[in-house]
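Undergrad: Attaching a predicted model along with its sequence, questions to come.
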Amino acid sequence: MSNQGLTLRVAVETLNKEPFAGLESESGFQVGSVRVSITQRSGYLVFKAGDFVTEEEAASFLPRLKAGLWNLALEYNIAFIPDFEQRVITRSVDPESVGRNIAESFGLSDLGPVHKI
């Protein structure tokens, strides 16, 4: 996913003790014109979809992302905690420095600009 548009992110805590086979690295696919990726990180399944032009466009895609999650859970017997409460989003004044600071804090490579947290 590029850093040009907005990215919708849904993360759920899994109850499984072992990693899921096939999700050791990021897996991606297209849903219409939207690029969706799934990764497993530290006991969480993380779904990302983007690049959306507006927040409304991203919000309207959310039900499809949730439906995909429930489908995977049923098909592969994945137990998870369904906490879909929307987090408060803080808009950044300087997206470049926010990306650098987050990456530095977590020992990651540069994330690029982070417009909202």
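TA: Yep, it's here.
Undergrad: can you list the domain ranges for the chain.
TA: 6-86, 87-117 (automatic domain parsing).
Undergrad: from the chain's centre, how far out does the last one sit?
TA: Distance of domain 87-117 from its chain centroid, counting by C-alpha atoms, centre = their mean, to the nearest Å, is 15 Å.
Undergrad: and what of the longest one?
TA: Relative to the mean C-alpha coordinate of its chain, domain 6-86 is positioned 6 Å out (C-alpha atoms, centre = their mean).
Undergrad: That domain spans what distance, first to last residue?
TA: Terminal residues of domain 6-86 lie 15 Å apart, using C-alpha to C-alpha, to the nearest Å.
Undergrad: mind checking the SS state of L74?
TA: For L74, the assignment made with DSSP: H, G, I helix; E, B strand; the rest coil gives helix.
Undergrad: can you check L69 too?
TA: Using three-state DSSP, the structure places L69 in helix.
Undergrad: Does it touch F47 like I think?
TA: Yes - here L69 reaches F47: they are 6.2 Å apart, a contact under C-beta atoms under 8 Å. C-betas here are computed from N, CA, C, even on glycine.
Undergrad: Could you list the buried residues of stretch 102-117?
TA: 111, 114-115 (16 or more other C-beta atoms under 10 Å).
Undergrad: Export the residues you listed as a markdown table, with columns for pLDDT, secondary structure and distance to V10.
TA: Putting the buried residues of stretch 102-117 into a markdown table (pLDDT from 0 to 100; DSSP: H, G, I helix; E, B strand; the rest coil; distance: C-beta to C-beta, whole Å) gives the following:
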| residue | pLDDT | secondary structure | distance to V10 |
| --- | --- | --- | --- |
| L111 | 72 | coil | 18 |
| V114 | 80 | coil | 17 |
| H115 | 72 | coil | 18 |
